[in-house]
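> Sequence first, then the predicted structure, then my questions.
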Amino acid sequence: MNSKPRVALTLLCCCLGLRSARSADLDAAPGATRLVIHADEARDVISRNIYGQFSEHLGHGIYEGLWVGESSPIPNTRGIRNDVVAALKKIRVPVLRWPGGCFADEYHWRDGVGPRTNRPTMINTHWGGVTEDNHFGTHEFMNLCEQLGCEPYICGNLGSGSVQEMQQWVEYMTFGGISPMAAWRKENGHEPPWKLEYFGVGNENWGCGGNMTAEFYADQFKRYATYVRNFGDAHISKIACGPSGDDYHWTEVLMRQAGRQMGGLGLHYYCGSGHASHSATRFDEGDWLFQLRSALHLEELVAKHSAIMDKYDPARKVALVVDEWGAWHEVEPGSNPGFLYQQNSLRDALVAASTLNIFDNHAARVRMANIAQMVNVLQAMILTDREKMLLTPTYHVFEMYTVHHDATLLPSELRSAEYRFGSEAIPAVNVSASRDNAGKIHVTLCNLNPNAPAAVTCKLQGSQAKLSSGRLLTADQMTAHNTFDQPQTVMPSDFKAFAMTANGFTTTLPPKSVVVLEME
């Protein structure tokens, strides 16, 4: 991609609409951006689970970020912070992955149930070597999901745990009859079984989860997954550890050897940081382009892994689950290096919005994704400092994009203007569009060019909907971010720079911006 930016530009523009550019309406002068939205070809539903979250026992992601305990002066409900829950409910978190991550394959669930004063401690060897008191365990996590109104997605310990341990955890959570595990759950305060739809059979087993080969893990997955039982009328979707980035061999082996036993295959991809600077907030335009180009590379990964999955699963019964994704910068100065606490700027907002556009456009295969991570870790929605809390630019993208939850994808074709810096270039604009159950059409657009506005001409094919409103996320500086002293530096605002045409609309996207347009 570095050596052939113009070729990459063409390919990416075609792929972002999940179709080849075939419309004469895309013909445009150099520097112009043309868009065709096929409202008459709606078919695939954008699962709300694409907007899922991930919370690992890592740094202050759980302890302080979510869990403060019932005796804390910070207002809480059964030990979980009220302010954080209220904020997360506004982005309608659909599904939450827990307890890891690398932590999952050293976590033994029995240590996290029962009276908290009796729970043994453990060393979190992956993240800072700190001692965990196990006060946040299965009951606390399920209570968090109930407060958020989201589905739990639990990742089981395949790396260092036994088949029996995994089987009994599922029984403990989901069995409604008479058994030792069900009796123990009731003794610990929860009479009815919980509903559990998603269970990960290991995590990153090619790395921190055991350094396994694809062939060995495929056999282990089948063995462990056999004992992830469906009790009563439950049907648990078993998510297999998928590839890291462009490891297509892993996907080939897993789909060939175990595709029939899985409900989803997990893909992990982090787009990293800048090139010269890895700081979340101190970077130049070269770093800006480097990271956004890395984020757009996910389009190629999703397309190629999906093609392999199509070979073995043409009916697309197995979901591609991108259950770890996001930016990964240096930790903030003065913080524990193992806690992965980083700030979150407008650049991260554009990473998130562009990535979500990619997932939307691949809704036929991508049916869950979980950004890393929800609070205080990596590309977080929320940052806390004791009793204080702030919302990040990425949070605001997730709030703006709630309009796509369970809406029907409207296929689109895009020919984007080019954003160039030095010898490198990427498409300036990316997009996704959907129609919700009320018939409203929403179009989400990103302008990745930090210097120039992007004029967009759109043909809306098969609909007479009219633009009614718009929202904008941008800031004066590409490094703009929210702090505890200035928590509203990057905030959504109303957007009105659009006009209807005879067969669509025109709009001008400000530099470095995310725009959501609504039509009815």
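Everything's here; your move.

> Pass me the low-pLDDT residue ranges in this structure, would you?
Along the chain, the parts satisfying pLDDT under 70 run over 1-31.

> Let's see that with 50 instead.
For the chain, the stretches with pLDDT under 50 are 1-21.

> need the longest helix for it.
If you go by DSSP state H, the chain has its longest helix at helix 285-312.

> Okay, the residue nearest to V45 when sequence neighbours are not counted and A183: tell me how far apart.
Distances taken as C-beta to C-beta, 6 or more residues apart in numbering place T408 nearest to V45, at 5.6 Å, with adjacent residues excluded. Bear in mind the C-beta positions are built from the backbone N, C-alpha and C, glycine included. Per C-beta to C-beta, to the nearest Å, T408 is found 45 Å from A183.

> quick one: the residue nearest to V45 and D44 touch, right?
Yes. When contacts are counted by C-beta atoms under 8 Å, T408 is listed as touching D44 (7.1 Å).

> Common neighbours of these two, please.
Common contacts of T408 and D44 (C-beta atoms under 8 Å, 6 or more residues apart in numbering): none found.

> Could I get the full set of helices for the stretch 151-300 of the chain?
Taking DSSP state H, counting those that start in this stretch as the test, the helices found in the stretch 151-300 of the chain are 163-174, 180-187, 214-226, 248-258, 285-312.

> now the ones you listed in a markdown table, with mean neighbour count and distance to V403?
Listed next are the helices of the stretch 151-300 of the chain as a markdown table, based on neighbours: other C-beta atoms under 10 Å; distance: least, C-beta to C-beta, whole Å:
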| stretch | mean neighbour count | distance to V403 |
| --- | --- | --- |
| helix 163-174 | 20 | 33 |
| helix 180-187 | 15 | 38 |
| helix 214-226 | 19 | 36 |
| helix 248-258 | 20 | 31 |
| helix 285-312 | 20 | 21 |
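
> among those helices, which is nearest Q488?
Among the helices of the stretch 151-300 of the chain, helix 285-312 comes nearest to Q488, with 22.6 Å by C-beta to C-beta.

> With Y172 as the reference, measure out to F231.
For F231, the distance to Y172 - C-beta to C-beta - is 11 Å.

> just T281 next, same as before
43 Å.

> just Y217 next, same as before
Counting by C-beta to C-beta, the gap from Y217 to Y172 is 25 Å.

> if I've got this straight, L144 is in a helix?
Yes. Under DSSP: H, G, I helix; E, B strand; the rest coil, L144 falls within a helix.

> give me every residue that touches it.
By C-beta under 8 Å, 6+ apart, L144 lies in contact with 66, 80, 85, 96.

> try T501
T457.

> Could you tell me how far it is located from L414?
To L414, T501 is 17 Å away according to C-beta to C-beta.

> Backbone torsions only: list them for T33.
phi -120, psi 120 (degrees, to the nearest 10).

> Double-check it against A452; I have them as touching.
No. At 11.4 Å, T33 does not count as touching A452 under the criterion of C-beta under 8 Å.

> Now for the two: what residues contact both?
In contact with both T33 and A452: A428, using C-beta under 8 Å, 6+ apart.

> So for these two, which sits in the more crowded spot?
The neighbour count for T33 versus A452, taken as other C-beta atoms under 10 Å, is higher for T33 (25 against 15).

> which SSE is the spatially closest residue to H190 that is not a sequence neighbour in?
Closest residue to H190 in three dimensions, ignoring its sequence neighbours and counting by C-beta to C-beta, 6+ apart: H139, at 6.1 Å. Assigned by DSSP states H and E, H139 falls within helix 138-148.

> got the buried residues for that helix?
138-145, 147-148 (16 or more other C-beta atoms under 10 Å).

> hang on, the earlier thing: which strands and helices lie in contact with the longest helix of the chain?
Where contact means 3 or more C-beta pairs under 8 Å, 6 or more residues apart in numbering; DSSP states H and E, helix 285-312 is packed against helix 5-15, helix 248-258, strand 264-272, strand 319-327, helix 346-361, strand 418-421, strand 424-427.

> and with 6 Å instead?
Contacts defined by 3 or more C-beta pairs under 6 Å, 6 or more residues apart in numbering; DSSP states H and E place helix 285-312 against helix 5-15, helix 248-258, strand 264-272, helix 346-361.

> how big is the angle separating that helix from strand 264-272?
170 degrees (axes from the mean of the first three to the mean of the last three C-alpha atoms, to 10 degrees).

> angle of helix 285-312 against strand 319-327?
Going by the same axes, to 10 degrees, helix 285-312 makes 170 degrees with strand 319-327.

> Taking helix 248-258 as reference, get the angle to helix 285-312.
30 degrees.

> so how far is helix 285-312 from its chain's centroid?
14 Å (C-alpha atoms, centre = their mean, to the nearest Å).

> tell me the angle that helix makes with helix 346-361.
20 degrees.

> excluding its backbone neighbours, what's nearest G137?
Closest residue in space to G137, ignoring its immediate chain neighbours: G112 at 2.3 Å, by C-beta to C-beta, 6+ apart.

> That neighbour is in contact with H135, isn't it?
No. Counting by C-beta atoms under 6 Å, G112 does not reach H135; the two are 8.1 Å apart.

> which one of those two has more residues nearby?
G112 (23 against 16).
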